[in-house]
Structure formats: C-alpha cells, structure tokens
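Engineer: Pasting a predicted model and its sequence here:
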Amino acid sequence: MPRKRALKKLPRSFYNRDALHVAPDLIGKILVHRFDDRELRARIVETEAYVGPHDLACHASKGRTGRTEVMFGRAGHAYVYLIYGMYKMLNIVTADVDDAQAVLIRAAEPLGGWQADLSGPGKLCRDMHITRGQNGLDLTADELFLLDNPDDHPKITRTKRIGIDYAKEWTHALLRFFDADSPAVSKPRQPA
DNA sequence: GCGTCGATGGCA
DNA sequence: GCCATCGACGCG
C-alpha cells in the first residue's frame, strides 16, 4: 500500500480554466469548511458548469449586477447566492477576469465520521453551514477551500442541468457532471 | 412511486 | 414577478 500523503489545496491555476473543464475535474475533490473551531469535509460528487454570458442559464447572462459581480472577478473565489428565499447555492468562479463562468456544487459525501445528507445544492449549503457571508471568499485561503484527491478516479456521467427550463437552447446542453457510482447524487440520475 | 404545490426573500 | 430547491401531500 502506498503511504498516505497530505492532500494539497487546489491552486489558482486549477480554477483559471473554462467551467466546462473545471466542473468534471471537481468530481472527487474534497470541500473543506472551517468555522467556529470546527472543520467539515465532503467529497464532491455532482457539479454543473455555467459557461458564460452567452449561456442563458448563467446568471452572468443578465449582465454585471450586484449579485453577479464576483462571477466577473478572479477565478478561485466563492459565488454564494440565495434562491427561492431560503436556499443558498455554492458556486466556484472559474476562467479569466471578466470572463464570467462558474461551477455549481450540487452534491457531496460527508467525510471524517460526520453524518449528513448533502445530495442537493440547498442541502449541501445548509448542512455545511455555508451562508451568503461567504460570497466572494478566496478558495485558496483557509476558511473555505478544496483539496486535490489524486488517488480518486470517479466514473463520470453527463446530463443536462437541473431547474433551468427557461434557458431555451441551453436547456439541453450536457453540462451536469456526477460520479456514476455515488449514492449521494441528487435526482434525476438518468440522462433524460 | 410518482406529480403537484407552496414556502420565502433578494433582486431587477 | 421571477427564480441553478426542498419537503409535504395526495394519489390508489
């Protein structure tokens, strides 16, 4: 057996690429949230790519506003927003400054003996204590960050994105990615 | 197991 | 007036 090695934080260069490539590469990576002398870890199993202002499902398609400002900023920062008045969504800003792309973290598996149902973007934020106060956080710092997981090689399935039926021709783009073997993926699992 | 519905608040 | 959601309900 190979000796256990300390996992490394994902560097800025990992995030500074197209969301189309970052989204599948995030499957199997480890999300870490440190707060109040606690540390919660989870293995990411489901993501969605929002590929820029031309993508009608991407919030950046509405232009640069107070809400979408961080998406137009540097890669490797958190974009957290409120939806339906009660759920937070955690996204990761990718690509170059002014190229507004992001990856939505949709589901994960709790790690380290901690029990939680993280099978959906709202549940993930609720149970990992992610709030709008974390909007704009630098993910290469020490509060909220991701670790590489080089020995993890998930089998990845692609489907259309969830809950964006208003997005016309972008509705059917295969921009949702998940670990085909994980029980923590949200529904539906079928490539509808 | 399914489909449908309502909660709830920030934003444009 | 819209949501990148979730959980409760009714069905049969």
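Structural biologist: Nice, I can see it.
Engineer: okay, CA-based contacts and neighbour counts for the rest of this
Structural biologist: Will do.
Engineer: So which residues of chain A form strands?
Structural biologist: A:30-35, A:38-50, A:78-83, A:87-94, A:101-111, A:144-147, A:156-159, A:176-179 (DSSP state E).
Engineer: Dump these to TSV, plus mean neighbour count and distance to A:H129.
Structural biologist: Below are the strands of chain A laid out as TSV (neighbours: other CA atoms under 10 Å; distance: least, CA to CA, whole Å):
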stretch	mean neighbour count	distance to A:H129
strand A:30-35	19	8
strand A:38-50	23	9
strand A:78-83	19	12
strand A:87-94	25	10
strand A:101-111	26	13
strand A:144-147	22	11
strand A:156-159	18	27
strand A:176-179	25	23
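Engineer: Just tell me which of those ends up closest to A:R64.
Structural biologist: For these, proximity to A:R64 was assessed by CA to CA; strand A:101-111 is nearest, at 12.2 Å.
Engineer: Would you check how far apart A:R3 and DNA strand B are?
Structural biologist: Note on A:R3: its distance to DNA strand B, by CA to the nearest atom of the strand, to the nearest Å, is 41 Å.
Engineer: and that residue, how far is that from A:Y50?
Structural biologist: Distance of A:R3 to A:Y50, given as CA to CA, to the nearest Å: 38 Å.
Engineer: cool, and A:C125?
Structural biologist: 19 Å.
Engineer: So which residues on chain A come close to DNA strand C?
Structural biologist: Within chain A, the positions lying close to DNA strand C (CA under 7 Å from any atom of the strand) are A:48, A:50, A:57-60, A:83-85, A:87, A:89, A:91, A:102-104, A:119-124, A:162-164, A:166, A:186.
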